[in-house]
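Colleague: Fold the following for me, if possible:
(one chain, ligands or ions: 1)
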Amino acid sequence: MGEFTLELNDDQKQVRDWLHGFAADVMRPAAAEWDEREETPWPIIQEAAKIGIYSLDFYAQQFFDPTGLGIPVAMEELFWGDAGIALSIVGTGLAAVGVLANGTEEQIGTWVPQMYGDATDVKLAAFCSSEPDAGSDVASMRTRAVYDEAKDEWVLNGTKTWATNGGIANVHVVVAVVDAELGSKGHASFIVPPNTHGLSQGQKFQKHGIRASHTAEVVLEDVRIPGHCLLGGKEKLDERLARAREKAKAGGERVKNAAMATFEASRPAVGAMAVGTARAAYEVALDYAKTRVQFGRPIIENQGVAFQLADMATQIDAARLLVWRASWMATAGKPFTAAEGSMSKLYASEVAKQVTAQAIQILGGNGYTREYPVERMHRDAAIYTIFEGTSEIQRMVISRALAK
Ligand SMILES: Cc1cc2nc3c(=O)[nH]c(=O)nc-3n(C[C@H](O)[C@H](O)[C@H](O)COP(=O)(O)OP(=O)(O)OC[C@H]3O[C@@H](n4cnc5c(N)ncnc54)[C@H](O)[C@@H]3O)c2cc1C
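Modeller: Alright, predicted model coming up:
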């Protein structure tokens, strides 16, 4: 164990600067165009694949950084570039983590490469959990997975919604109910391989922000997948279900949501995305305030403007520190006794919404136009308080942890 430090090491600085270069030179100049087009920016994903940013190797390297800061540093830089394009690039990673966390080594080796494809033929992956009637309330999920023992196949039926890359992904990871009586303990995750009959894209949503990222419904009609597509395998699932039934029978003990611990570990990554967007808007506002002259002096010379920037800078740093703490805790295997993962996501996402709104104010009329990027950043920032658990859900998780 080294001494306590908040300084990035040389490897981390190198990765950060490399990503910053890509974000500044490739993503930023393309951001307005893909926001208007509301389409997946395939050419940019290809560029990212060519230099190794869109790849399992890159993601895994950041994921396994022993300090825990690999992912938050990478997310902050990419989302500083542009949130919509960045989500198109990292959306696959979110699905891949589902496989890395729950899959066997064979499943990881088989499916994760197919999620990314290669630089000449890039592919995407989608993680499908949310449903029209099961958003925050994950336990009311209805998509069913029924085992057909004779054929060793699972049959999936249901409708998923809000799936990032849903319908255009090569590989879909689908969460479904295998035992409805066990609530979220009766859920399991499945791989739906490329071109599986019965999986189709429903409505594609037109969104307020992160418009370069594809979000759609995924309809599953008698989707038959081989037994080996159950993540973790049947034996492990049967054991897990048996344990959950025992606990349910014993009564008393509230069945804990198994996904909760995973969420605590993954939420700081969303916090880091929010920090990236907030920092981007803050920098634009700071530059503008130094150069825009009214009443014979740069507007930053008014305390009313300067204090806003001081608060923005302070809040962004505070958000990053919460994100780094939670990311370090996840890697160090520390228990999130005070829901520190949720704290980081809650705070960073609220800061991003507020800071991007202040940036519009500081740019005045220009801030309100598409000539400047801050209105887009503000629209983008609104997603952070919604996905991966809304701010209200984060507060619920934090307050429950406190009340224990
Ligand atoms: C752009 C985008 C991309 C997404 N990507 C994915 C994806 O890839 N995969 C996936 O599975 N999902 C994805 N989601 C879904 C996302 O996680 C859900 O939208 C989110 O969990 C909220 O669910 P909901 O929209 O049904 O809102 P609801 O749960 O209906 O909530 C509506 C409002 O009620 C509040 N609320 C609900 N319950 C409570 C309570 N108990 N106490 C206080 N307030 C409460 C909420 O905070 C919110 O303000 C995505 C969503 C969006 C918009």
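Colleague: Tell me who's in contact with residue 325.
Modeller: Counting by Cβ atoms under 8 Å, 6 or more residues apart in numbering, residue 325 touches 340, 344. For the C-beta atoms, the positions are set from N, CA and C on the backbone; glycine is no exception.
Colleague: which stretch of helix or strand covers it?
Modeller: Element membership for residue 325 (DSSP states H and E) is helix 303-332.
Colleague: From the opening residue of stretch 96-108 to its closing one, how far?
Modeller: 8 Å (Cα to Cα, to the nearest Å).
Colleague: Return the set of buried residues in that stretch.
Modeller: Judged by neighbour count using 16 or more other Cβ atoms under 10 Å, the buried positions of stretch 96-108 are 96-100, 102-103, 107-108.
Colleague: what's around residue 80, how many residues?
Modeller: By the criterion of other Cβ atoms under 10 Å, residue 80 has 25 neighbours.
Colleague: continuing past the helix holding residue 325, what's the next helix or strand?
Modeller: Heading C-terminal from helix 303-332, the first helix or strand you meet, by DSSP H and E, is helix 340-367.
Colleague: Packing partners of that next one?
Modeller: helix 259-291, helix 303-332, helix 374-381, helix 391-403 (3 or more Cβ pairs under 8 Å, 6 or more residues apart in numbering; DSSP states H and E).
Colleague: Pick the most deeply packed of these.
Modeller: helix 374-381 (a mean of 26; mean count of other Cβ atoms under 10 Å).
Colleague: contacting residues around residue 178?
Modeller: Contacts for residue 178 (Cβ under 8 Å, 6+ apart) come out as 144-145, 147, 186-188, 237, 241.
Colleague: got a pLDDT number for the one residue in the chain that gets nearest to the ligand?
Modeller: Closest approach between the chain and the ligand, counting by Cβ to the nearest ligand atom: residue 135, at 1.7 Å. Predicted confidence (pLDDT) for residue 135: 95.
Colleague: What separation do you get for residue 352 and residue 282?
Modeller: Computed as Cβ to Cβ, to the nearest Å, the residue 352 to residue 282 distance reads 10 Å.
Colleague: Just want the angle from the helix holding residue 325 to helix 259-291.
Modeller: 150 degrees (axes from the mean of the first three to the mean of the last three Cα atoms, to 10 degrees).
Colleague: re the thing from before, export the helices and strands packed on helix 340-367 as JSON lines, with columns for mean pLDDT and distance to residue 83.
Modeller: Formatted as JSON lines, the helices and strands packed on helix 340-367 follow (pLDDT from 0 to 100; distance: least, Cβ to Cβ, whole Å):
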{"stretch": "helix 259-291", "mean pLDDT": "91", "distance to residue 83": "5"}
{"stretch": "helix 303-332", "mean pLDDT": "97", "distance to residue 83": "15"}
{"stretch": "helix 374-381", "mean pLDDT": "98", "distance to residue 83": "4"}
{"stretch": "helix 391-403", "mean pLDDT": "96", "distance to residue 83": "17"}
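Colleague: Thought residue 181 was touching residue 248, still the case?
Modeller: Yes: counting by Cβ atoms under 8 Å, residue 248 touches residue 181, with 7.3 Å between them.
Colleague: Now intersect the buried residues of stretch 96-108 with the strands, please.
Modeller: Counted as lying in strands by DSSP state E, out of the buried residues of stretch 96-108, is not a single one.
Colleague: Kindly report the residues of the stretch 151-300 of the chain close to the ligand.
Modeller: 162-164, 207, 210, 215 (Cβ under 6 Å from any ligand atom).
Colleague: Return the subset of those lying in strands.
Modeller: Using DSSP E, those in strands are 162-164, 215.
Colleague: Could you dump these into a markdown table with neighbour count added?
Modeller: Converted to a markdown table, these look like this (neighbours: other Cβ atoms under 10 Å):
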| residue | neighbour count |
| --- | --- |
| 162 | 18 |
| 163 | 27 |
| 164 | 23 |
| 215 | 23 |
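Colleague: Including pLDDT and distance to residue 268, could those go into TSV?
Modeller: Supplementary listing: these in TSV, determined by pLDDT from 0 to 100; distance: Cβ to Cβ, whole Å:
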residue	pLDDT	distance to residue 268
162	97	21
163	97	22
164	97	18
215	98	22
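Colleague: quick one: which of these is nearest to residue 78?
Modeller: residue 164 (14.7 Å; Cβ to Cβ).
Colleague: correct me, but that closest one touches residue 127?
Modeller: Yes: counting by Cβ under 8 Å, residue 127 is a contact partner of residue 164 at 7.1 Å.
Colleague: still on that earlier bit, identify the residue spatially nearest to the residue of the chain closest to the ligand, adjacent ones excluded.
Modeller: Excluding the flanking residues, the one nearest residue 135 by Cβ to Cβ, 6 or more residues apart in numbering is residue 162, at 7.8 Å.
Colleague: Tell me who's in contact with the one you found.
Modeller: Going by Cβ under 8 Å, 6+ apart, the list of residues near residue 162 reads 130, 135, 205, 215, 217, 387.
Colleague: what's the answer for residue 92, then?
Modeller: 54, 115-116, 123-125, 165, 169.
Colleague: of the residues you listed, closest to residue 303?
Modeller: Relative to residue 303, and with distances defined as Cβ to Cβ, the nearest of the contacts of residue 92 is residue 54, at 44.8 Å.
Colleague: where does that closest one land on pLDDT?
Modeller: 96.
Colleague: Overlap of the contact sets of residue 164 and residue 127?
Modeller: Contacts common to residue 164 and residue 127, judged by Cβ under 8 Å, 6+ apart, are residue 94.
Colleague: ok, back up a step: next, format the buried residues of stretch 96-108 as CSV and append distance to residue 268 and pLDDT.
Modeller: Putting these into CSV (distance: Cβ to Cβ, whole Å; pLDDT from 0 to 100) gives the following:
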residue, distance to residue 268, pLDDT
96, 17, 91
97, 13, 87
98, 17, 86
99, 20, 91
100, 17, 87
102, 20, 88
103, 22, 93
107, 26, 97
108, 23, 94
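Colleague: what's the domain layout of the protein?
Modeller: Domain assignment for the chain by automatic domain parsing gives 10-122, 125-250, 259-403.
Colleague: Among those domains, which comes closest to residue 3?
Modeller: Residue 3 lies closest to domain 10-122 among these, at 12.6 Å (Cβ to Cβ).
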